[in-house]
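Undergrad: need a structure here:
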Amino acid sequence: MARAFLACLVVTSALVVAGSASAATTWTVTKTADTNDGACTPANCSLRDAIVQANLGSGDTVVVPAGDYALSAAQLTMSSSMTISGAGAAITTIHAAPNIRVFGKSGGNSTISGVTVTGGHVIGAEPTGAGVENDVGDLVIRDSVITGNTATSTTAPPEGGGIFVAAGNVTIENTTISDNHATSTSQFTSGGGIFDQAAGSTITINGSRLLGNTSDHGEGAGFFTSMNVTLNVADSTWQGNQATMSGGAVGGAIFNNASTLSTISGSTFASNTADGGGAGFFGSAPLNISNSTFQGNSSPGGVGAAVFNNTPVQVTNVTFDGNTAGSHETFQNNATVTIVNSIISTPSGDNCEQALTSLGHNIDNGNSCGLGAAGDLTGTDPKVGQLADNGGPTFTELPALDSPALNAGLASKCPATDQRGIARPQDGACDIGAVERTFAADLGVTATVAPAVVKRGGQITYTVKVTNAGPDVATGVQLTGVLPPGATLASTPPACSGAVTCNLGSLVAAATASVTLGVKTSRAGRQELSVHVGGSRPDGNAANDSASVSALAGPPTLSRLSISPRRFTPATHGATLSVRRGGRVSFRLSRASRVRFLVQLRGRHGRFRTVKHGRVERSGKTGVNRVRFSARLRGKPLAPGRYRLRLIPHDAGGTAKAKSVSFRIVAG
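TA: All right, here's what the predicted structure looks like:
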């Protein structure tokens, strides 16, 4: 594996001599073997060598390419400010030998990113921070995995299987802290994932996952602090963390015995266990919880599986569902819990130890929480779905289409977005709980007309169909339309008023509503109806929201009538109105229709009369028409004289004004 890194270079802001140090230097690791050669060169630089060199400077970067870096000796110690930059947690792994911590930090402010830290194991008199121990300065862990690290001892309390914080502020971003353990058969254990005793500091956990960490003889399996630490959690998942202890442990995911206000937002606490209580959260620190989900946390034989609080807690748009305990399954509220826009639901309905302070618009499937403010619902099933990926950084529970939580929140208290980052409200008013239900209705409209042709002043029937392709119900469905110029409504259904405004209410998925409009024409020509459909919920497919259809009113028009030749002699006498050799009649029609041809002879006083057999009908098409003509009718030639050919188009719209063209037959 080491050969793959021989092409890597040591990049500096100036020429670097092996073994020397410089400010803002980048040290690139070129082998996976754990050696301590006292130098870091392009041809020979272990991870340990690079960190030793970075400790001589300040703010250096150690680049750790993809690979498996197994420590064979002591921990890796960061005594100066630096950045450890891996190629990605999936491909850059740093793991310790038995009974060795992976990272210790004794100075500076440092960042660890893009690595997996695993296999750390601390025992004996100081069983703390098997994965990472931060003794001095601030620490950032980003885009990394801290997993499979264990703190254990029978002589001292094991603390911080994954991370131990003795001092400084800590920021954890987009990082998984999983399957770390604080374990003992005789000592109190705490902080299987994270233990923080840095008084006066702040720990920020953002977009991260704390999964399956344990404290098997103590408390705070995911996170533990008993110091005055500010804890801020956002967009993170706490799942499957387990605290157990004889007599009952508390704080399965979080044990926070501080006195500083902490916050939890946009986060999910699921399937955490603490046999004594507070499987989701146990605290003696003031706490604000918003836009979060507590689902399936368990305190068998204990109390308050979701939240066990000894100091005030503010709850805003939170979903508590399916948490189970021996009693008071959601809250063991030993201090005030002020709650608004939230859901409380357990199998038994025994949700609270004592009455909550309600600001209204909460749902309790039982009646133990003392809810009675405006908008509160008790003994009511909130109808939320199972924990699932509904978008956003965490799993959530989506309210059903018939959930009483929909549009029932107090607007002045609703956050601007829900747990997933979806804007509130989505449907006129915000929803109760952590998730704002979005809707994916797809309204579409089509239109047909009958008859296609009517006389001027006649009536046309337009049939308009509105369909919801779903998958959700469409509400506030309204059809609007624009009538043809001069037309008036002759008949409309009760749902319609005005020119064309039809309020159709709600349409479930795959449903169709039909609207029939009788329209009386007043002008000749094209009779186009344009319609548009919309609803109160968003429609992501605007392409099918509008439609138009046309009929025709009045007779067709004929124009550009001509005949060639204008003079016929015996040489041209050979045909009648037919597709044969001879002359040609040409004309244009505004639409397809029947055309009556009249062959008329001019009399002595200038009047025209239709000759015998001089009435013929032909079908004409839209546009230019051409008909053969050579002055014969039924095989007999027309007598010499002055004639005209008169054309009259007609169809269901009526008979149009006639057009004529003259011709002459001369004797041979």
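Undergrad: Could you check which helix or strand contains the residue most central in space within the chain?
TA: For the chain, residue 391 is the residue whose C-alpha lies nearest the centre (C-alpha atoms, centre = their mean; 5.8 Å). Applying DSSP states H and E as the criterion places residue 391 outside every helix and strand.
Undergrad: Let's test this: mean pLDDT of the longest strand out of those in the chain, rounded?
TA: The longest strand of the chain (DSSP state E) is strand 608-620. Averaged over strand 608-620, pLDDT sits at 94.
Undergrad: can you list the weak-confidence ranges in the chain?
TA: Low-confidence segments of the chain (pLDDT under 70): 1-23, 570-582, 668.
Undergrad: residue boundaries of the helices in it?
TA: For the chain, the helices defined by DSSP state H cover 47-55.
Undergrad: give me every residue that touches the closest residue to residue 659 other than its chain neighbours.
TA: Once flanking residues are discounted, residue 659 sits nearest to residue 561: 4.6 Å by C-beta to C-beta, 6 or more residues apart in numbering. (C-beta placed from N, C-alpha, C; glycine too.) Residue 561 is in contact with 585-587, 647, 659-661, counting by C-beta atoms under 8 Å, 6 or more residues apart in numbering.
Undergrad: run the last query once more with 10 Å
TA: 585-588, 625, 645-647, 658-661 (C-beta atoms under 10 Å, 6 or more residues apart in numbering).
Undergrad: go on, residue 291?
TA: Residue 291 neighbours (C-beta under 10 Å, 6+ apart): 234-235, 264-267, 316-319, 341, 392, 394, 396, 414-421, 424, 433-436.
Undergrad: same check, this time on residue 507
TA: Neighbours of residue 507 in contact, by C-beta under 10 Å, 6+ apart: 441, 443, 466-470, 473-475, 477, 513, 533, 535.
Undergrad: Now, these that are in strands?
TA: When the contacts of residue 507 are checked against strands (DSSP E), the matches are 443, 466-468, 474-475, 477, 513, 533.
Undergrad: follow-up on the earlier one: export the contacts of residue 507 to TSV and append columns for distance to residue 124 and neighbour count.
TA: Formatted as TSV, the contacts of residue 507 follow (distance: C-beta to C-beta, whole Å; neighbours: other C-beta atoms under 10 Å):
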residue	distance to residue 124	neighbour count
441	64	24
443	69	24
466	75	25
467	72	20
468	68	25
469	67	17
470	63	16
473	64	18
474	67	29
475	66	16
477	72	24
513	76	20
533	74	28
535	68	22
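Undergrad: Relative to residue 308, which of the residues you listed is nearest.
TA: Taking C-beta to C-beta as the measure, residue 308 sits nearest to residue 473 out of these, at 39.8 Å.
Undergrad: show me the contacts for the closest one.
TA: Neighbouring residues of residue 473 by C-beta under 10 Å, 6+ apart: 401-402, 439, 441, 506-509, 511, 535, 537.
Undergrad: farthest-separated two in those residues?
TA: Across these, the longest distance by C-beta to C-beta is 17.8 Å; it joins 402 and 535.
Undergrad: Tell me, how many residues neighbour residue 57?
TA: 17 (other C-beta atoms under 10 Å).
Undergrad: and if you look at residue 99?
TA: Neighbour tally, residue 99, other C-beta under 10 Å: 12.
Undergrad: Apart from its neighbours in sequence, what residue is nearest it?
TA: In this structure, residue 99 finds its nearest non-sequential neighbour in residue 121, 5.3 Å apart by C-beta to C-beta, 6+ apart.
Undergrad: gap between that neighbour and residue 562?
TA: 104 Å (C-beta to C-beta, to the nearest Å).
Undergrad: So between those two, which is more surrounded?
TA: Using other C-beta under 10 Å as the criterion, residue 121 and residue 562 rank with residue 121 on top: 21 against 11.
Undergrad: what's the distance between the more buried one and residue 183?
TA: Taking C-beta to C-beta, one finds residue 121 at 11 Å from residue 183.
Undergrad: what residues are shared contacts of the two?
TA: 127, 150-152, 161.
Undergrad: Buried members of the contacts of residue 473 into ChimeraX, please.
TA: Filtering the contacts of residue 473 down to the buried ones (16 or more other C-beta atoms under 10 Å) takes a single ChimeraX command:
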select :439,441,506,507,509,511,535,537
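Undergrad: nearest to residue 204, of the contacts of residue 473?
TA: Nearest to residue 204 among the contacts of residue 473, counting by C-beta to C-beta, is residue 439 at 34.5 Å.
Undergrad: okay but the closest one is in contact with residue 472, surely?
TA: Yes. Checked against C-beta atoms under 10 Å, the pair residue 439 and residue 472 is within contact range at 4.3 Å.
Undergrad: Nearest to residue 138 among the ones in strands among the contacts of residue 507?
TA: For the ones in strands among the contacts of residue 507, the minimum distance to residue 138 (C-beta to C-beta) is 51.0 Å, reached by residue 475.
Undergrad: Who are the contact partners of that closest one?
TA: Contacts of residue 475 (C-beta under 10 Å, 6+ apart): 407, 427-428, 439, 441, 505-507, 535-537.
Undergrad: Could you report the distance from it to residue 546?
TA: The gap separating residue 475 from residue 546 is 20 Å, by C-beta to C-beta.
Undergrad: related to what we said a few turns ago, wait, which of the ones in strands among the contacts of residue 507 is closest to residue 171?
TA: Closest to residue 171, out of all of the ones in strands among the contacts of residue 507 and judged by C-beta to C-beta, is residue 475, at 43.7 Å.
Undergrad: where's the closest one relative to residue 446, distance?
TA: 21 Å.
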